[in-house]
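Engineer: fold the following, please.
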Amino acid sequence: MEDHHYLYLCLALVSFLLVIATKRRRAPAQHGLRPPPGPWQLPIIGSMHHIAGQLPHRAMRDLSRRHGPVMLLRIGERQLRKVAITELLSARRVLSFRAIREEEVAAMLRACASAAAAAAGVEMREMVSALVADVTSRAVLGDRCKDRDVFLRELNLSIELVAGFNPADLWPSSRLVGRLSGAVRRAEVCRDTVYGILDGIIKEHLEMIDAGGGDGEAEDLLDVLLKIQKQGTLQIPLDMDVLKAVIFDIFGAGSETSATTLEWAIAELIRNPKAMRRATAEVRDAFGSLGTVPEHALGELKYLHLVIRETFRLHTPLPLLLPRQSQEPCTVLGYDVPKGATVLVNERFEEGEEAGGVEFKGVDFELLPFGAGRRMCPGMSFGLANVELALASLLFHFDWEAPGVADPAKFDMTEAFGITARRKANLLLRPILRVPVPGV
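Structural biologist: Okay, the predicted model is just below:
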């Protein structure tokens, strides 16, 4: 009897889905518009079954090969509000953080030197993530975060939650679905943990500002946000919850993408020994007489910048960039895009395109790891400064070996599933000291 009940339930569900699908097919076209082509859709979940279970940017690449460069996907309703922070990351302000970058890179080099002396391996993801987190923490909050490890753990969890596909994204208005999926509860715990850490830091800054501190070039980004909040010049009220969300956004965008790029750059150099030798020779020839890598002279390293550009080409840290929204109806390649449509750019560099002269700073549309236009990544200069100094310093002071890897060409370069294109496997390398590290 129970089997019959189960069969009837399945038949009823299938019939319901078929009715919805039939109604959608019979629905008249919207005012004669010509929407882009796309893969077949299922009721309720839309196109998500074409993407779930795969790397999203790889799945979208495969779909575009069948449906063309412009295609229509239905993948949910949830929208995110972003707070513009361009004024916080101007070239002048990024330059003011130079001393912070140099001090934190020096601390990382001393840790590498200790590992080299003990003939021990270095977990690269852990090391570069800590470096970028410490630089970001001092730039944003004024000092290293004493709860850095907890902060990084919650940051990684938030990235996993954002990247995953769950029912709460399909029915955001349903509290029941959100609770049953567990994603909402995990996100709330993550938020409460991070906000608890930030509450104490903000309290200290407010006390310092009330005492007359936090002025001039030495002020950090939190000082700037608190002053903007006090002035009340924004159209959107900058209350404490919004302020904490902006800080967490800066950490997420600045820490994760820079650390991912650094790890991929080193992995690609390990995989290509000839490129590694050339990049290492360039930086040592340029700064060998100085005994260290000065940030102000990094412009001399032409080949190193090519290495970073090639890393962006092969491993764009945010392969789907940030979602955009069309502000008015428009036509792209003959297809109608309605107002309010979410636009995802599956960033890639076509094989066979001429790489010479193509830059990644939003001018050449062949390569857009930071996006382009008015909505391009505001933290590009901040992130690049972290990547360039750290990579140049690691190559200047150390040679690097991958224990147990006999053939570099077979080095594992698999990407992990997520909103950022991390390496799937941890990168364990052994440093060999070649140029003494100051202070060691």
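Engineer: just the helices in this structure please.
Structural biologist: 2-26, 56-67, 91-96, 98-117, 124-141, 148-163, 167-170, 175-181, 183-210, 221-231, 240-271, 273-287, 302-314, 380-397 (DSSP state H).
Engineer: convert the fifth one to CSV, retaining C-alpha atoms only.
Structural biologist: So the one you mean is helix 124-141. C-alpha atoms of helix 124-141 as CSV (Å, rounded to 0.1, in the frame of the first residue of the first chain):
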residue,chain,number,x,y,z
MET,A,124,51.9,28.2,0.2
ARG,A,125,48.1,28.8,0.5
GLU,A,126,48.3,29.2,4.2
MET,A,127,51.3,31.4,4.0
VAL,A,128,50.1,33.8,1.3
SER,A,129,46.6,33.9,2.8
ALA,A,130,48.1,35.0,6.1
LEU,A,131,50.3,37.6,4.4
VAL,A,132,47.4,39.2,2.5
ALA,A,133,45.1,39.0,5.5
ASP,A,134,47.6,40.8,7.7
VAL,A,135,48.3,43.5,5.0
THR,A,136,44.5,44.0,4.5
SER,A,137,43.9,44.0,8.3
ARG,A,138,46.5,46.7,9.0
ALA,A,139,45.3,48.8,6.0
VAL,A,140,41.6,48.5,6.9
LEU,A,141,41.6,48.2,10.7
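Engineer: check which residues of that helix are buried.
Structural biologist: Neighbour-count burial for helix 124-141 flags 124-125, 127-141 (criterion: 16 or more other Cβ atoms under 10 Å). Backbone N, C-alpha and C define where each C-beta goes, glycine included.
Engineer: how about the third one?
Structural biologist: Buried residues in helix 91-96, counted by 16+ other Cβ under 10 Å: 93-94, 96.
Engineer: against which helices or strands is that helix packed?
Structural biologist: The contact analysis (3 or more Cβ pairs under 8 Å, 6 or more residues apart in numbering; DSSP states H and E) places helix 91-96 against helix 380-397.
Engineer: what average pLDDT does the helix it packs on get?
Structural biologist: Here helix 380-397 scores 91 as its mean pLDDT.
Engineer: counting by contacts, list what it packs against.
Structural biologist: Checking 3+ Cβ pairs under 8 Å, 6+ apart, helix 380-397 ends up next to helix 91-96, helix 98-117, helix 124-141, helix 240-271, helix 273-287, helix 302-314.
Engineer: the nearest residue to Ala341 once chain neighbours are set aside and Pro403, how far apart?
Structural biologist: In space, and not counting its chain neighbours, Ala341 is closest to Ser326: 4.9 Å by Cβ to Cβ, 6 or more residues apart in numbering. Using Cβ to Cβ, to the nearest Å, Ser326 is found at 50 Å from Pro403.
Engineer: which of those two has more neighbours?
Structural biologist: With neighbours defined as other Cβ atoms under 10 Å, Ser326 and Pro403 compare such that Ser326 has more, 14 against 8.
Engineer: what sits against that one?
Structural biologist: 337-341, 343 (Cβ atoms under 8 Å, 6 or more residues apart in numbering).
Engineer: ok, Asn426 next?
Structural biologist: 123-125.
Engineer: out of the buried residues of helix 91-96, who's nearest Ala425?
Structural biologist: Ranked by distance to Ala425 (Cβ to Cβ), the buried residues of helix 91-96 are led by Val94 at 32.4 Å.
Engineer: and of the helices of the chain, who's closest to Pro35?
Structural biologist: Closest to Pro35 of the helices of the chain is helix 56-67 (Cβ to Cβ; 11.7 Å).
Engineer: ok, back up a step: going through the contacts of Ser326, which ones are buried?
Structural biologist: Counted by 16+ other Cβ under 10 Å, the contacts of Ser326 give Val337 as buried.
Engineer: and of the contacts of Ser326, the nearest to Arg423?
Structural biologist: Nearest to Arg423 among these, with distances taken as Cβ to Cβ, is Val343, at 28.0 Å.
Engineer: is the closest one in a bridge, and if so with what?
Structural biologist: Arg324 (DSSP bridges).
Engineer: next, work out how far apart it and Ser255 are.
Structural biologist: Taking Cβ to Cβ as the measure, Val343 falls 26 Å from Ser255.
Engineer: can you name the residues that contact Arg93?
Structural biologist: Contacts for Arg93 (Cβ under 8 Å, 6+ apart) come out as Leu221.
Engineer: may I have the strands that pair with the longest strand out of those in the chain, each with its orientation?
Structural biologist: Assignment by DSSP state E gives strand 428-433 as the longest strand of the chain. Using DSSP bridges, the strands paired with strand 428-433 in its sheet are strand 122-123 (antiparallel), strand 398-401 (antiparallel).
Engineer: ok so, going back, can you list the contacts of Ser326 in a markdown table and add distance to Ile197 and pLDDT?
Structural biologist: Shown next, in a markdown table, are the contacts of Ser326 (distance: Cβ to Cβ, whole Å; pLDDT from 0 to 100):
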| residue | distance to Ile197 | pLDDT |
| --- | --- | --- |
| Val337 | 41 | 80 |
| Pro338 | 41 | 81 |
| Lys339 | 40 | 78 |
| Gly340 | 36 | 73 |
| Ala341 | 37 | 75 |
| Val343 | 34 | 70 |
